[in-house]
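Participant: Next input, structure requested:
(one chain, ligands or ions: 1)
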Amino acid sequence: MEIDRRELAKTAIAAKERAYVPYSRFRVGAALLAASGKVYAGCNIENVAFTPTNCAERTAFFKAISEGEKEFKAIAITGDADDYLYPCGVCRQVMAEFCSPDDFKIYLVKNENEIREFTMEEILPGAFTVTDLEKGRRPE
Ligand code: THU
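Facilitator: Below you'll find the predicted structure:
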């Protein structure tokens, strides 16, 4: 499947409009392409207690997973800055749970024409995975 990164970028830019950000006023949008071909949009959703805040990337992932998706091809991410927005550490770990280290594409979208591409391995090198968990010794 050929990924239309520009189309994914446009969906992320549109998703940003739906951000709920009364506290930071910083909007983020994401568009996640599942292996099924469906695209799941996400925005950040803030909360007055701050910690319940959900990033745009995790909104997109949780929407998709709750609809039965388990395999993903790419995500486009864009924020309210005149620069590329890198996903936070928590979102990188969520991505690592479901996405291959070298096949999954992360597109950082400054605008429709300026897009940077990364792999999972590049963005979260040495990720903690189920393999590490299985290697662990267990107390008797
Ligand atoms: N935010 C995201 O949605 N994604 C990121 O990768 C970085 C941060 C949101 C969380 C919060 O609503 C606002 O940006 C400021 O941190």
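Participant: Just the CA trace of stretch 61-69, in PDB.
Facilitator: As requested, C-alpha coordinates have been extracted for stretch 61-69 and formatted as PDB (Å, rounded to 0.1, in the frame of the first residue of the first chain):
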ATOM      1  CA  PHE A  61      -4.500   5.200  18.700                       C
ATOM      2  CA  PHE A  62      -7.200   4.500  21.400                       C
ATOM      3  CA  LYS A  63      -9.900   5.300  18.900                       C
ATOM      4  CA  ALA A  64      -8.500   2.900  16.400                       C
ATOM      5  CA  ILE A  65      -7.700   0.100  18.900                       C
ATOM      6  CA  SER A  66     -11.200   0.300  20.400                       C
ATOM      7  CA  GLU A  67     -12.600  -0.200  16.900                       C
ATOM      8  CA  GLY A  68     -10.600  -3.400  16.500                       C
ATOM      9  CA  GLU A  69      -7.500  -2.200  14.700                       C
END
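Participant: Return the residues of the protein in contact with the ligand.
Facilitator: Taking CB under 6 Å from any ligand atom as the contact definition, the chain meets the ligand at 21, 24, 26, 28, 44, 46, 53, 55-57, 87-88, 91. To be clear about C-beta, it is placed using only N, CA and C from the backbone, and glycine gets the same treatment.
Participant: Work out for me the element the residue nearest to the spatial centre of the chain sits within.
Facilitator: The residue lying closest to the centre of the chain (CA atoms, centre = their mean) is residue 57, at 3.4 Å. Taking DSSP states H and E as the definition, residue 57 sits inside helix 56-66.
Participant: Name the residues of that helix that come out as buried.
Facilitator: 56, 57, 58, 59, 60, 61, 64, 65 (16 or more other CB atoms under 10 Å).
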